[in-house]
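Asker: Let me see the structure of the following:
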Amino acid sequence: MAQGDSKKASAYEYNKGLGAYNNSTDVFKWSFVTDTYASIDANATALAIANVTVVATAGNYTAGTTVASTTWTQSTDTTKLDGADFSFAANASNPITAKCLVIYNDTSTTDHLVTVVDLTTDGTTAVDTTQGFTYTVNAGGICDSQVNV
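Answerer: I've put the predicted structure just below:
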C-alpha cells in the first residue's frame with residue numbers, strides 16, 4: 001500500500017449490473033476517512049459510507065463534497081466513470097487525521113462506495129492537509145470496467 005493506490009468496491013460493480021445505479025445521472029461525492037487502506041474490504045458484499053469513519057468537516061475541507069463534471073463514457077472495450085479534479089486551500093483547521101479518500105454514489109440509498117484511495121505514504125500515518133489538498137483524477141477515471149481483455 002502506498003500513496004495513490006486505489007481499489008474499486010466489488011459490490012458497486014455488482015449493483016451496477018443489477019441496474020441499481022445510473023452512472024450518467026447519479027451524484028458522486030468524496031470524503032476523507034480515518035480507516036486505513038488495508039482495513040477497508042473492497043470485496044465486502046455491501047460497502048457503504050456508513051462502513052467507514054468519515055473525517056468531520058473542518059477548515060476548508062467539507063465532508064461529502066460533490067465530484068464535479070462526472071461522466072460515464074465508453075471507448076472500445078472500456079467504460080469509464082470520470083470526474084473533475086478537486087482541491088481546497090490551506091487552513092490551520094484542515095484535517096490531520098485522513099488516511100484514505102473515498103468516492104461514493106450519493107444517489108444510492110446507502111451511499112455505496114465506488115473507490116478507495118490510499119493517502120498515506122506508509123499505510124498507517126494520517127496525512128496533514130493544513131497546507132491544502134489537491135486530488136487529480138487518474139487518466140483512467142474514478143473507475144472503469146473493461147471487457148474483451
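Asker: Can you tell me the element the residue nearest the centre of the chain falls in?
Answerer: The centre of the chain sits closest to Ile103, judged by C-alpha atoms, centre = their mean, with a distance of 2.3 Å. Assigned by DSSP states H and E, Ile103 belongs to strand 100-105.
Asker: The following helix or strand past that strand: which residues count as buried?
Answerer: As assigned by DSSP H and E, the chain's next helix or strand after strand 100-105 is strand 113-118. Within strand 113-118, the residues scored as buried using 16 or more other C-beta atoms under 10 Å are 113-118. The C-beta positions use only the backbone N, C-alpha and C, and glycine is treated the same way.
Asker: Report the contact partners of the closest residue to Thr57 other than its chain neighbours.
Answerer: Residue nearest to Thr57 in three dimensions, not counting chain neighbours: Ala63, with 4.8 Å by C-beta to C-beta, 6 or more residues apart in numbering. For Ala63, the contact set (C-beta atoms under 8 Å, 6 or more residues apart in numbering) comprises 31-32, 54-57.
Asker: Point me to the helix or strand that includes Ala63.
Answerer: Secondary structure from DSSP H and E places Ala63 outside every helix and strand.
Asker: Could you do Ala11 as well?
Answerer: helix 10-17.
Asker: Buried ones in that helix, by neighbour count?
Answerer: By neighbour count on 16+ other C-beta under 10 Å, the buried set for helix 10-17 is 11-12, 15-16.
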